[in-house]
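*Asks:* build me a structure from this.
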Amino acid sequence: MITLRGGMLVIPGGIRRADLTIEDGHIAIIGAGSSGGKVLDCSGCLIGPGFVDVHVHFREPGQTWKEDIETGSRAAAAGGFTGVVPMANTDPATDRGHLVESMVRRGREVGLVELRPAGALTVGRRGDEVGPIEELWEAGVRIFSDDGDSVAGSDVLEEAMIRIGKLGGVVAQHAEEATMTAGGHMHEGVVSAELGIRGLPAEAEERVVARDLVLAARTGVRYHVQHVSTSGTVSLVRAARSKGVLVTAEAAPHHFSLDHRRLRDRNPIMKMYPPLRTPEDVAAVAGAVRDGTIEAIATDHAPHTSMEKDVTLEDAPRGIIGLETSASIAWSILEDDPVAFFQRMAVAPARLAGFIDQGRWLEAGGPANVVVFDPDHVWTPERFESRSQNSPWLGTPLRGRPVATIFNGRLTSEVGER
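*Replies:* Prediction:
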């Protein structure tokens, strides 16, 4: 039994001061808490559904020296997450049902977070042949993506959309026109010009999204734009939705908090795809998160070792970790609306990914997947639970932190002194 005492329960209508008692994996009581079992002092904290991340890379199988399901799960729990969607760019690619089932089984053995892996859109993520969609669906896949690459062929993508649409699944796209980004290392703009580094134009993202939205309208599939980074993409999503296209979108915390000026010192930690864009793009993405045009905050947690990142910008792999800092960065733009904070971090992503027991507003009798978030806790990350440490926020003071995570009624992470 666990009792959360003195906190503020976030519900769709606002905030309610109440204790919660958790027993046998469920929320037993909301109101006057029990005095038995473990009692957590939640004074000053927000209590809501455990966070859900629809875009993580746990590197298992194939690159477990960077991360594996156990270390990724520990990072997720420390970040307040109770559900995650690992992407399919593993080695081998997650393009068969038995690979999905193996990952889910390993996640259950670790027991810190619920895994619902994405399935590859195409065989081996090569982009030339639609994968065994129905087999992956039977294995529990609800989001299909070749993340790390775009599906370049419209005919291949349209076939995948038709088949996935019939099942009720989601086609998620890493929107990047490869012919426009080959050899690029950062956003194409004034900073890349100053540094003499080849860049990736915003149009490379927007061109793919524009094409895909036409196909999504034609097929009726649920289409999801991954890691939105440009103001143009935001505009495309808004316009398509106004016309009835079933489009959703996600944004990573770095794309609504950091811009391309951070690469003036050629810091390889700041290299990611999509790249950090202009301040105007950052403002547009942040605004879209606030107003709900972008429904989900997703980290694109991409672990790399220090050795891999301790090279020149041009030689460094792309990506940063984000599970343990996501809530802090999200809170920086949503602190005036706690309901929207939990909506973007938990409710909407869980619905998108087809989770049953995740992202549900807390109620008596419901599953006990819960996060306790202290909005005023100031902390400085010095070391992460992730196996890799490639974070731009390492050593940076942050405000707001998950101080307790409860998954299936069990305490999976707890911050001591606050």
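*Asks:* contacts only, for Thr248.
*Replies:* Residues in contact with Thr248 (Cβ atoms under 8 Å, 6 or more residues apart in numbering) are 170, 222-225, 295-296, 348, 352. Where C-beta positions appear, they are placed from N, C-alpha and C, glycine not excepted.
*Asks:* for those residues, give me JSON lines that also has neighbour count.
*Replies:* Output for the contacts of Thr248, formatted as JSON lines (neighbours: other Cβ atoms under 10 Å):
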{"residue": "Val170", "neighbour count": "23"}
{"residue": "Arg222", "neighbour count": "21"}
{"residue": "Tyr223", "neighbour count": "26"}
{"residue": "His224", "neighbour count": "26"}
{"residue": "Val225", "neighbour count": "26"}
{"residue": "Glu295", "neighbour count": "21"}
{"residue": "Ala296", "neighbour count": "26"}
{"residue": "Ala348", "neighbour count": "22"}
{"residue": "Leu352", "neighbour count": "24"}
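*Asks:* looking at the residues you listed, which are in strands?
*Replies:* By the criterion of DSSP state E, membership of the contacts of Thr248 in strands covers 170, 222-225, 296.
*Asks:* nearest to Arg5, of those?
*Replies:* Checking those against Arg5 with Cβ to Cβ, the nearest one is Ala296 at 30.9 Å.
*Asks:* pLDDT score for the closest one?
*Replies:* Note on Ala296: pLDDT of 98.
*Asks:* same question for Ser34.
*Replies:* For Ser34, the predicted pLDDT is 61.
*Asks:* nearest to Ile47, of the contacts of Thr248?
*Replies:* Comparing those against Ile47 with Cβ to Cβ places Ala348 closest, at 18.5 Å.
*Asks:* just checking, that closest one touches Glu295?
*Replies:* Yes: contact criterion Cβ atoms under 8 Å: Ala348 and Glu295 qualify, at 4.1 Å.
*Asks:* if we can go back for a sec, please produce a markdown table containing the contacts of Thr248, extended by distance to Gln389.
*Replies:* As requested, those are exported to a markdown table (distance: Cβ to Cβ, whole Å):
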| residue | distance to Gln389 |
| --- | --- |
| Val170 | 32 |
| Arg222 | 36 |
| Tyr223 | 34 |
| His224 | 29 |
| Val225 | 29 |
| Glu295 | 30 |
| Ala296 | 25 |
| Ala348 | 29 |
| Leu352 | 29 |
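*Asks:* between all of those residues, which two are separated the most?
*Replies:* With Cβ to Cβ as the measure, no two of the contacts of Thr248 lie farther apart than Tyr223 and Ala348, at 15.3 Å.
*Asks:* which residue ranges of the chain form helices?
*Replies:* For the chain, the helices defined by DSSP state H cover 69-78, 97-110, 133-138, 154-167, 178-181, 190-195, 202-219, 231-242, 279-291, 306-309, 326-334, 338-342, 348-353.
*Asks:* so which of those helices is nearest Gly7?
*Replies:* The closest of the helices of the chain to Gly7 is helix 338-342. By Cβ to Cβ, the value is 11.9 Å.
*Asks:* what is the mean pLDDT for that closest one?
*Replies:* 98.
*Asks:* low-confidence ranges in the protein?
*Replies:* When residues are selected by pLDDT under 70, those of the chain lie in 33-35, 417-418.
*Asks:* residue contacts, the residue nearest the centre of it?
*Replies:* Residue closest to the mean C-alpha point of the chain, counted by Cα atoms, centre = their mean, is Ala298 at 2.1 Å. Ala298 sits next to 53-56, 226-227, 250-252, 349 when contact means Cβ under 8 Å, 6+ apart.
*Asks:* give me the contacts around stretch 202-212.
*Replies:* By Cβ under 8 Å, 6+ apart, stretch 202-212 touches 150, 154, 157, 173, 175-177, 180-181, 187-188, 223, 225, 229-233, 236-237, 274, 277, 281.
*Asks:* one more time with 7 Å, if that's ok
*Replies:* 150, 154, 173, 175-177, 180-181, 223, 225, 229-230, 232-233, 236, 274, 277 (Cβ atoms under 7 Å, 6 or more residues apart in numbering).
*Asks:* now stretch 268-287
*Replies:* Outside stretch 268-287, the residues touching it (Cβ under 7 Å, 6+ apart) are 176, 185-187, 189, 200, 202, 205, 227-231, 234, 251, 254-260, 262-263, 294, 309, 311-313, 316, 318-320, 333, 390, 392.
*Asks:* now, of those residues, which are buried?
*Replies:* Buried subset of the contacts of stretch 268-287 (neighbour count, 16 or more other Cβ atoms under 10 Å): 176, 185-187, 189, 200, 202, 205, 227-231, 234, 251, 254-260, 263, 294, 309, 313, 316, 318-320, 333, 390, 392.
*Asks:* one step back: between the contacts of Thr248, which sits nearest Ala193?
*Replies:* Within the contacts of Thr248, distances to Ala193 taken as Cβ to Cβ reach their minimum at Val225, with 27.5 Å.
*Asks:* excluding chain neighbours, what is closest to the closest one?
*Replies:* Ala249 (4.3 Å; Cβ to Cβ, 6 or more residues apart in numbering).
*Asks:* who's in contact with the one you found?
*Replies:* Contacts for Ala249 (Cβ under 7 Å, 6+ apart) come out as 224-225, 228, 237, 293-295.
*Asks:* farthest-apart pair in the contacts of Ala298, please.
*Replies:* In those, the most distant members under the criterion Cβ to Cβ are Val56 and Ala251, with 14.7 Å between them.
*Asks:* for burial, what's the neighbour tally of Glu382?
*Replies:* 8 (other Cβ atoms under 10 Å).
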